[in-house]
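Asker: fold the following.
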Amino acid sequence: MSCQDKVAIVTGAAGNGMGRSIALTLAREGARVVVNYRSSADSARAIVEHIVARGGQAIAVQADVFTPEGCRALFDATCQAFGRVDICVIGPGAGWHGEPVDRLSPAGVAEDVQHELAPFLHLMPLLLPGMYERRWGRVVGIAMHPTRLSPAYAYNLGKAARIQAFLLAHEQAWRGGVTMNVIAPGPVAGIASLAAAVAQCDHGAAWSERANVAPQDIAEGVAFLCSDAGRFVSGCVLPYLFSM
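Answerer: Sure thing, here's the model as predicted:
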């Protein structure tokens with residue numbers, strides 16, 4: 001599943017969840033990785049140091065991908081460091097407004113939908129022209145399992161909006177040599193430490209002994225979609241089931 005020498009932005013990569021595992025895995029597969037974060041500078045720095053210590057290339061970039069200014073800063077920093085963007089993984093999205101439909105806060109619902117759509121809408125005009133010119137690109141979104149929904153209407157609506165944003169764009173993107181896909185898991189627990197995330201990325205005992213879907217499962221799916229093996233997969237919503 002090699003991504004050798006590709007340049008990958010992973011948004012929201014400094015937490016203890018899927019973004020970190022995706023960044024580690026794309027680096028494992030040879031990509032030059034941009035670890036995006038909003039506030040977790042120390043965590044982002046530790047991930048970058050780990051990748052570099054293993055012979056990879058990575059930088060950490062602070063940027064709020066819910067804003068146009070943040071997306072522009074992330075794009076510019078990536079191009080300054082690596083010259084282009086080949087892969088973009090969009091993770092962070094809606095918060096949590098758990099009210100039922102009859103007690104919704106319209107402002108809360110609008111915020112959830114905006115947070116799911118904003119990174120895609122702000123980043124695509126920056127990334128796609130260069131990808132089209134090179135006839136190569138991978139865009140992957142993290143959403144939600146299509147049938148194992150959360151109990152929060154606003155959250156579900158935001159995730160559904162993100163999925164549709166990808167699906168409605170994928171045919172045009174394909175004509176430009178770019179694939180667009182969505183990874184759609186149910187609930188995925190985080191991994192407590194960077195060391196534990198690395199152990200799963202390395203496919204050690206923690207990987208073989210896992211009892212449920214983990215961030216590393218999602219990362220492996222992203223690596224496949226971004227590799228040459230996934231070159232003809234576009235417009236896919238890839239679900240991951242979890243044990244009840």
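
Asker: my guess is residue 233 contacts residue 181, does it?
Answerer: Yes - counting by CB atoms under 8 Å, residue 233 touches residue 181, with 6.2 Å between them. Where C-beta positions appear, they are placed from N, C-alpha and C, glycine not excepted.

Asker: gap between the lowest-mean-pLDDT helix or strand in the chain and the chain center?
Answerer: Every helix and strand in the chain was compared by mean pLDDT, DSSP states H and E; the lowest is helix 205-208, with a mean of 91. A distance of 23 Å separates the C-alpha centroid of helix 205-208 from that of its chain, computed with CA atoms, centre = their mean, to the nearest Å.

Asker: again with stretch 14-22
Answerer: Counting by CA atoms, centre = their mean, stretch 14-22 comes out at 9 Å from the chain centroid.

Asker: what helices and strands are in contact with the longest helix anywhere in the chain?
Answerer: Across the chain, the longest stretch assigned as helix under DSSP state H is helix 106-134. If you count contacts as 3 or more CB pairs under 8 Å, 6 or more residues apart in numbering; DSSP states H and E, helix 106-134 packs onto helix 68-82, strand 87-90, strand 137-142, helix 153-175, strand 178-185.

Asker: coming back round to it: anything in contact with each of residue 233 and residue 181?
Answerer: Common neighbours of residue 233 and residue 181 (criterion: CB atoms under 8 Å, 6 or more residues apart in numbering): residue 225.

Asker: neighbour count for the two, which is higher?
Answerer: Each of residue 233 and residue 181 has its neighbours counted (other CB atoms under 10 Å); residue 181 has more, 24 against 14.

Asker: what number of residues lie near the closest residue to that one other than its chain neighbours?
Answerer: Excluding the flanking residues, the one nearest residue 181 by CB to CB, 6 or more residues apart in numbering is residue 236, at 4.5 Å. For residue 236, the neighbour count with other CB under 10 Å is 19.

Asker: for residue 236, what are its contacts?
Answerer: Counted by CB under 8 Å, 6+ apart, residue 236 has contacts 181, 182, 225.

Asker: out of the residues you listed, which is nearest to residue 84?
Answerer: residue 225 (18.9 Å; CB to CB).

Asker: over to that closest one. Which of the three states is it?
Answerer: helix (DSSP: H, G, I helix; E, B strand; the rest coil).

Asker: could you dump the least confident helix or strand of the chain to PDB, C-alpha only?
Answerer: Taking C-alpha atoms only, helix 205-208 is exported to PDB below (Å, rounded to 0.1, in the frame of the first residue of the first chain):
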ATOM      1  CA  ALA A 205       0.700  -7.700  19.600                       C
ATOM      2  CA  ALA A 206      -1.600  -4.700  20.400                       C
ATOM      3  CA  TRP A 207      -2.800  -4.900  16.800                       C
ATOM      4  CA  SER A 208      -3.400  -8.600  16.600                       C
END
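
Asker: residues of that helix that come out buried?
Answerer: For helix 205-208, burial by neighbour count (16 or more other CB atoms under 10 Å) applies to residue 206.

Asker: counting contacts, what elements does that helix pack onto?
Answerer: Using 3+ CB pairs under 8 Å, 6+ apart: helix 205-208 touches helix 194-201.

Asker: quick check: mean pLDDT across the helix it packs on?
Answerer: Confidence over helix 194-201 (mean pLDDT, whole number) is 96.
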